[in-house]
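Student: quick one: sequence and predicted model below, then my questions.
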Amino acid sequence: MIKIATSIDISNATSLAFKLWPSHSFLELEEEIDGFIKSDNTAIFLFYHEEIPIGYSQVSIRYDYVEGSTSTPVGYLEGIFVEEDHRKKGIARALLNSCENWTKDKGCLEFGSDTELTNDMSINFHLRSGFSEAARLVAFIKKI
């Protein structure tokens, strides 16, 4: 069962998000998720199996330029995660569909996403889910 997260789901959503982004602090993610839940331009979806949360997706509406897009606003998959024991069962695809439908209801005509160049599992998921590659990018930063 897929559910759009509300304030009572913050702990469950944060636990799954922390597995996706372990370099962040749990508290930092919890605050971010609380903001996502309260915003009209963001949403979090949770997939429950026997009342246990095993899947997570985070979606936003972006008004700035999205690589490869030709319209604005654009729905954007910010993150998606499924517990390892439950992968390859269509859960990520179902979460993605929920995100896409949510952004369609918000008036978006396109849906974007990104991943690291070395994340082959994510790249393959995106391609199998109907995304087409818009660009390859290496970002740089330096202290000045």
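Tutor: Yep, that arrived.
Student: so Leu77: helix, strand or coil?
Tutor: strand (DSSP: H, G, I helix; E, B strand; the rest coil).
Student: check it and give its pLDDT.
Tutor: With respect to pLDDT, Leu77 has a value of 96.
Student: which residue sits closest to it, ignoring its sequence neighbours?
Tutor: Ser113 (3.9 Å; CB to CB, 6 or more residues apart in numbering). For every residue, glycine as well, the C-beta is placed using N, CA and C.
Student: for the chain, what spans make up the helices?
Tutor: 10-20, 26-38, 91-105, 120-128 (DSSP state H).
Student: and those helices, which one is worst for confidence?
Tutor: Checking each of the helices of the chain, the one with the poorest mean pLDDT is helix 120-128, at a mean of 93.
Student: just give me how far that helix sits from the chain centre.
Tutor: Computed by CA atoms, centre = their mean, to the nearest Å, the chain-centroid distance of helix 120-128 equals 14 Å.
Student: same deal with stretch 47-64?
Tutor: The answer for stretch 47-64 is 7 Å, by CA atoms, centre = their mean.
Student: identify each buried residue in the strand ranked longest in the chain, please.
Tutor: Ranked by residue count and defined by DSSP state E, the top strand of the chain is strand 52-62. Buried residues in strand 52-62, counting neighbours by 16 or more other CB atoms under 10 Å, are found at Pro53, Ile54, Gly55, Tyr56, Ser57, Gln58, Val59, Ser60, Ile61, Arg62.
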